[in-house]
Structure formats: C-alpha cells, structure tokens
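1. Take this sequence and fold it.
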Amino acid sequence: MSKIKFRRTVIGQFKYQGFSVRPNATELIIDVVTDESGKEIDLDLLSLLVTKICEKHGSENEMSRMVESDLVTKVLKEFLEEQEKQKSKIDSEEETIEIIDVFKQPKFSYKSSNIKSIIYSKDPKPNGFLGNSETKVSMFNERYEILLQRTLRNSLFSSKTSESSNEESSYSISSVISLLGDTKKRIILGMITQLEDEVFYIEDPSGWIKVNFETTKTANGIFTENSIVIAEGRCNNEDEFVVKTIGFPPPESREETIKHLEQDKRGLSLIDETLSEPWFLKLQEEEINDPDQQMIIISEIWLDKDSVFEKLEKLFTGFNIEEPPSVFLLIGNFFSTPFDGSTKQLEKRKNSFLRLRDLMINYDFICQHSKFIFVPGINDISYSPLLPRKCISNSLISMFRTTYKGSSQLTINKNFLSKNSYFVSNPCRIRFFTKEIVICREDLINKFLRHSIFPTPTKNSEIANSIAKTIIDQAYLFPFPLNIRPILWNFDYSLRLFPTPDTLILADKFEQYSGKYNNCNYCNPGCFSTDFSFVVHYPNTDEIQFSRIK
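-> Sure thing, here's the model as predicted:
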C-alpha cells in the first residue's frame, strides 16, 4: 500500500466518525499503524486510535470537527506509554505464572546414598504412552524408593534405639526392617496387595508376606490395595503376619524435602526448568508485596445447561474489574453427560464452547489480564481415558484459538482470549510465583470409599480430610490397583507428589472442603453446575475462600 493510499485510509476513518484531520496529523498516525516493512497498515489498530482521538477531541472541543496535530500527538503518546506499560505487565505475568502440562513435565529419578542427601537426575522423556513390562515394574519400585527414603529420614527411624527383651512389650522403632527370616522383627514397609480373594499380602523388596488384619488398629487415612504402608505386628504359627497397627509412611513437608535436595534448594526446577535463581528470589519478594493475587477455581462447568451460563455471566461481571484475578481455573467435566462419539453431539459441544467464548469476550479486563486454564474432566473428549489425560480435543480448543481481524473492541478481546487460554492435561501443575499447585479432577472419594480395606469415616469432613492425608502421605495421586484406575505407565512419574506441593486441588463430585496437612493446603471447589459453588484462592498467602453465586 502506497503512502497516498495510507493517507486516504486514515482520512476515511475520520470521515466515517464525522471528523476531518490535518495532513501533518495523518503522518503521525501512519508512523504508528504501519508494520515494520512499511508496506501494510494495521486496520484494527488504526480504528482503535481514530476512535480514541475523536473521543478526546469531542470532549475538549465540541464546536470544531477538525482534528489538530497537537491533539493527535498527545493521544498517541498516551497510547504508546500505555502499550509499553501493558507489554511490561504481560511479560512479567508470563514469568510469574507458569502452566505445566504433565506431558511436558521433566522426569526425574531420586537416589539417596546417605539418607540425608537426595541426589536426583533428569531422565530422558519416555517413548510412547503406555510403556512395557519393565516400565510397569520400575514405576512401583520408584514409588517405594521415594517413601523408603522419606521414612528413613524421619526422626522415628533415623537413630538406633534399644529394643525391649520382652516380646510382648512395646518398643521404639529403630529402623524400617523386613520380617522375612526373623520372627522377632516386627516392622514391615511395603505395598498392600491381594493375590487371592480376601487374602492380603504386603510386598516389599524381599517378596510377599501374608498378613492377617483381623485385630488391626489403623491410623488415620484410607487404606486400599496398592497403598504403601508401615505395619507393626508379629508372626503366628501359621506363618501369617498378624498386624497389630498399620499406618502410612510418615509425611515430609515440602521445605524438609527441598532441604535435602543436593542440587537444588528451591525445588521448583523439578517442574519448571526455566526458573533462574535471581528470578526466584525476585518472585519471593513479590509474593510478600502482592498478597491479593487471586485464582478462581471452578469445577463441573456443564456448558449444556442454560443455568450455568447465567451464573457464569454473573461471575465474570463481578470479577471484571481493573485488577481482575490472575487465573480462572476451569475444570471439567464440561458437559453433564459423557461423549458418545457421535457427530451430532460433537457439534453441540463445539457450539457450547463457542457460546462460552462469546460470553467471555464481553469482559475487557479479564480477557486482557487473566489467564484461563482448562483442565479436562473424566467424561470430556480426550485422546485416552487413561491417566494422566491429555487436554480436551482440538475440535473444542479451536473455538478459542482463532485469530480475528476487525475494528471492534470485541475483536481485540477475542485475540487476547486466544492468547490467554491454556488447555492442559489432567492432572496438571501451576507455578504461581514460587508456589507449586497441583490440580487433579477425578472422582476420588467414591473410589476410596468403595475400595477401602478397613472401615471408613462416616462424616463428610472426616472423609475429605482422610483422603487428602492419604494422598499426601502416599506422595501419589492414585494409590489404586491398575484395574481400578488405569494409568499410562510411562507417565506414572507425573502423578507423584514429591516434593509435596504447596496447594493440592482435588476437584471431585463432592461438597466443598478445604484444609491443611503437612504444610500443604488442599481443597475441593465443589460442583458449580449443581449449587454454583466455587473457590477463591490467594496462593501468595495460602488463603482459601468458599464462594457461591446466588
């Protein structure tokens, strides 16, 4: 496009709004709206600037329709300063919040030669998804090794104590030991398994030990097959290990684990290798100075329900302020029924996501300043039903990924929304400043209660706290047999909670709950589509607030 056509285009935009413009003013505008090559003009930007200039002129000089160069210079300066400020803020936000899909998460192995020091090494990314028989064996061994190291570092097990000579008396545990070959040894660290119906064994590196749970007292938590436990008891005459008490390996706080990491005293490079030491220190300072950073957590957003859109409109209207929440965490299921594979249902789901996008673009502040993270539910369209699940299908993502050309504010919002929307795996991780947040969507409570070996709590609050404790103690999201919760063996490492995260979001079809255990915050945001409940989380201060739209 020639200079003459540039001038005609600029003059035409002013005429369209009922104004004229001085020739020298058009040159100033052309310098701003042309691209680096000088051959193209950004029509969206031109339309935006002309609108701003005409509005400014109308408020300062209602009698004249001629726009002078002084006014244009003033408006352009303000606009460019705001753009630079906004660019700086966006660049900063890209550093302060990192969204980590588990399929891109680094894999690490942990070894400990002297108990007090954890040496880790980065492993090659796995080839393929499922893995082979060796992968299946190694994933259980690695889980066991992590909990063994953690147990041996615990004060109960780290120092030798004298044992009573009286076999019936209690004594202090001196170390984690195996029962095999010595009937006086009373402590086992191993995985519960069921080789025959209703016949349980505990498996450790030495083999299988048949156990008797008839008189067992349990510590807090919910025990299922594939749980790694510490059992105390003795052998009877039938070569059974009669378990007196059973519990989980003692927990270890994130701070304590990181203290023992030999290469990294921050722990965050295990999930985000891009975080440098200087930036980490800067983020720590910003956490203290900016305690009001918000994360809105919503689960079970059924986009096939009109009532959900009515409440989402209220929610976005309430948070569409000059400093909106940093993150909107939108967790599935995104529809009330599972996907049946039909073309008709696929079209309905695409239209529902399109409707969601068209609702969101009406809110300038949240489109331009907030990040939207979409985590699939167990019934959403994905590449595989196994965990971890990949992000929702591209056919739905495409509703948010299109770049638009036009002159309206809605077009600008669409482009910001496209840039600020992230479609990730289930589970996934977020680095929020220096905090690690793990998000998981699964019907965990139902699975734990159905497959528990021992009686479970009856009060909802006790159930929720027991399950959170179990997962944190196990340092693993799904301590179930593979036939109950199939997983991708090659990506088992992404389901581990080592070190323990700062916040654990366990989105479940259950009432809202929250708590803190082992210095880890945990919560369930509730089911938005049934009672319109959600959670407001302040990661920098660890605060969790229950909310509901009336």
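
2. what about residue 245, which SS state?
-> strand (DSSP: H, G, I helix; E, B strand; the rest coil).

3. burial of it, as a residue count?
-> 13 (other C-beta atoms under 10 Å). Bear in mind the C-beta positions are built from the backbone N, C-alpha and C, glycine included.

4. Spit out the contact partners of it.
-> When contacts are counted by C-beta atoms under 8 Å, 6 or more residues apart in numbering, residue 245 touches 216-219, 231-233.

5. again, but for residue 286
-> 96, 433.

6. which SSE is it in?
-> Using DSSP states H and E, residue 286 sits in helix 277-289.

7. residues contacting the residue nearest to residue 377 when sequence neighbours are not counted?
-> Spatial nearest neighbour of residue 377, excluding adjacent residues (C-beta to C-beta, 6 or more residues apart in numbering): residue 332 at 2.6 Å. Listed by C-beta under 8 Å, 6+ apart, the contact set of residue 332 reads 299-301, 374-380, 392, 426, 441.

8. what's the distance between residue 332 and residue 191?
-> As defined by C-beta to C-beta, to the nearest Å, residue 332 lies at a distance of 31 Å from residue 191.

9. now the helices for the stretch 451-550 of the chain?
-> Using DSSP state H, counting those that start in this stretch, the helices of the stretch 451-550 of the chain run over 460-474, 528-531.

10. Name the SS class of residue 98, please.
-> Following three-state DSSP, the label given to residue 98 is strand.

11. For the closest residue to it other than its chain neighbours, list each beta-bridge partner.
-> Once flanking residues are discounted, residue 98 sits nearest to residue 431: 4.1 Å by C-beta to C-beta, 6+ apart. Note on residue 431: beta-bridge partners by DSSP bridges are residue 98, residue 436.

12. Report the separation between residue 431 and residue 501.
-> Distance from residue 431 to residue 501, by C-beta to C-beta: 10 Å.

13. any residues in contact with both of those two?
-> Common contacts of residue 431 and residue 501 (C-beta under 8 Å, 6+ apart): residue 437.

14. before we move on, the earlier item: please pick the buried ones from the contacts of residue 245.
-> Among those, those classed as buried by neighbour count (16 or more other C-beta atoms under 10 Å) are 216, 218, 231-233.

15. Pull stretch 250-262 out as CSV, backbone CA atoms only.
-> Extracted in CSV, the C-alpha atoms of stretch 250-262 (Å, rounded to 0.1, in the frame of the first residue of the first chain):
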residue,chain,number,x,y,z
PRO,A,250,5.5,-40.5,57.9
PRO,A,251,5.0,-37.4,55.8
GLU,A,252,7.7,-35.0,54.9
SER,A,253,7.0,-31.3,54.3
ARG,A,254,8.0,-29.6,51.1
GLU,A,255,10.5,-27.5,53.0
GLU,A,256,12.1,-30.6,54.6
THR,A,257,12.4,-32.4,51.3
ILE,A,258,13.9,-29.4,49.5
LYS,A,259,16.4,-29.0,52.3
HIS,A,260,17.8,-32.5,51.4
LEU,A,261,17.9,-32.0,47.6
GLU,A,262,21.6,-31.9,46.8
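
16. Now do it, average pLDDT.
-> Confidence for stretch 250-262, expressed as mean pLDDT, is 90.

17. Also stretch 26-46?
-> Here the average pLDDT along stretch 26-46 is 76.

18. ok, for residue 100, nearest residue in space, not its chain neighbours?
-> Nearest non-adjacent residue to residue 100 (C-beta to C-beta, 6+ apart): residue 429, at 4.3 Å.

19. mind checking how far the one you found is from residue 376?
-> The spacing between residue 429 and residue 376, counted by C-beta to C-beta, is 15 Å.

20. of the two, who's got more company?
-> Ranked by neighbour count (other C-beta under 10 Å), residue 429 and residue 376 place residue 376 first, with 25 against 21.

21. mind listing what's buried in stretch 206-217?
-> For stretch 206-217, burial by neighbour count (16+ other C-beta under 10 Å) applies to 209, 211-213, 216.

22. coming back round to it: in CSV, list the C-alpha atoms belonging to the helix or strand that the helix holding residue 286 is followed by.
-> Per DSSP H and E, the first helix or strand lying C-terminal to helix 277-289 is strand 295-299. What follows is strand 295-299, C-alpha atoms only, in CSV (Å, rounded to 0.1, in the frame of the first residue of the first chain):
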residue,chain,number,x,y,z
MET,A,295,-7.1,-17.7,41.5
ILE,A,296,-10.7,-18.5,40.8
ILE,A,297,-11.3,-22.3,40.8
ILE,A,298,-14.5,-23.7,39.2
SER,A,299,-15.2,-27.4,38.7
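
23. could you check the angle strand 295-299 makes with the following helix or strand past strand 295-299?
-> Stepping forward along the backbone from strand 295-299, the first helix or strand reached (DSSP H and E) is helix 306-319. For helix 306-319 against strand 295-299, the angle by axes from the mean of the first three to the mean of the last three C-alpha atoms, to 10 degrees is 180 degrees.

24. pLDDT averaged over whichever helix or strand comes after helix 306-319 - what is it?
-> Scanning forward in sequence from helix 306-319 by DSSP H and E, the next helix or strand is strand 327-331. For strand 327-331, the mean pLDDT works out to 98.

25. just checking, what packs against strand 327-331?
-> Packing contacts for strand 327-331, counted by 3 or more C-beta pairs under 8 Å, 6 or more residues apart in numbering; DSSP states H and E, involve strand 295-299, strand 371-375, strand 428-432, strand 435-441, strand 503-507.

26. How about the contacts made by residue 72?
-> Taking C-beta under 8 Å, 6+ apart as the criterion, residue 72 is in contact with 21-22, 25, 28-29, 53.

27. among these, which are in helices?
-> 25, 28-29, 53 (DSSP state H).

28. Could I get those residues in JSON lines, plus columns for distance to residue 477?
-> Putting the ones in helices among the contacts of residue 72 into JSON lines (distance: C-beta to C-beta, whole Å) gives the following:
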{"residue": "25", "distance to residue 477": "61"}
{"residue": "28", "distance to residue 477": "58"}
{"residue": "29", "distance to residue 477": "55"}
{"residue": "53", "distance to residue 477": "55"}
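
29. For these, which two are the farthest from each other?
-> Spatially, the most separated pair among the ones in helices among the contacts of residue 72 is 28 and 53, at 10.1 Å (C-beta to C-beta).

30. Just checking, which helix or strand of this structure averages the lowest pLDDT?
-> Least confident helix or strand of the chain, by mean pLDDT, DSSP states H and E, is helix 69-96 with a mean of 71.

31. Out of the contacts of residue 245, which comes closest to residue 95?
-> Of all the contacts of residue 245, residue 95 sits closest to residue 219, with 42.1 Å by C-beta to C-beta.

32. what's near enough to touch residue 416?
-> Residue 416 makes contacts with 367-368, as judged by C-beta under 8 Å, 6+ apart.
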